[in-house]
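Colleague: Give me coordinates for this.
(one chain, ligands or ions: 1)
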Amino acid sequence: MPVIHILNGPNLNLLGTREPATYGSCTLADIEARLREIADARGATIDFRQSNHEGDLVTWIQEAGAAGEPVILNAGAYTHTSIAIHDAIRGAKAHVIEVHLSNVHARESFRHQSFIAPVAAGVILGFGALSYELALEAVLADAQQKKS
Ligand code: CA2
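Modeller: Next up, the predicted model:
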């Protein structure tokens, strides 16, 4: 089973400290711990990271794409602005599932556009921390299917 990269963009390090009505009360460390539990139980390895810098996300996506390893990506606000992340996914042929805690379509109109969605394998949003778990299930199911 390949390593599953779970990449988090700007401000996600603040989760659990502010705006619980929008993002829930889980911290990013809570989400990581839950995903590690699920991955361990299924014999999978995860690499969980966060950065406030667009270039870090670009580099990590390029590396995952080159290694043929799947990515679960919450690019935070870069979702709505970053052609660089769009190009990285496309250029590296990275297998990416876009996730969001909140239902961005029920929020401000500037959050309705995603530069990631057109180059993602799928998008899961609006379920809080569960969005990440659902994305992990999708990646695990996909890996299982490729094995059989
Ligand atoms: O819903 C999501 O997962 C988002 O990717 C979260 C981003 C937002 O810019 C996207 O539109 C949707 C924001 C990251 C978290 O920002 C916080 C700011 C203050 C307190 C807690 C979190």
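Colleague: From now on I want contacts and neighbour counts done on CA atoms only, so please keep to that.
Modeller: Noted.
Colleague: Are the lowest-mean-pLDDT helix or strand in the chain and the ligand in contact anywhere?
Modeller: Taking mean pLDDT, DSSP states H and E as the measure, the helix or strand of the chain with the lowest value is helix 20-23, at a mean of 90. No: Helix 20-23 does not reach the ligand (CA under 6 Å from any ligand atom); its nearest approach is 6.5 Å.
Colleague: give me the element Tyr132 is part of.
Modeller: In this assignment (DSSP states H and E), Tyr132 forms part of helix 130-147.
Colleague: who touches that helix?
Modeller: Contact partners of helix 130-147, identified using CA atoms under 8 Å, 6 or more residues apart in numbering, comprise 1, 4, 31, 35, 70, 72, 97, 99-101, 124-125.
Colleague: What is the burial count for Thr81?
Modeller: Neighbours of Thr81 under the rule other CA atoms under 10 Å: 17.
Colleague: What of Val104?
Modeller: By the criterion of other CA under 10 Å, Val104 has 16 neighbours.
Colleague: Just give the closest residue to it, not the sequence neighbours.
Modeller: Counting by CA to CA, 6 or more residues apart in numbering, Arg111 is the residue found nearest to Val104 once chain neighbours are left out, at 5.6 Å.
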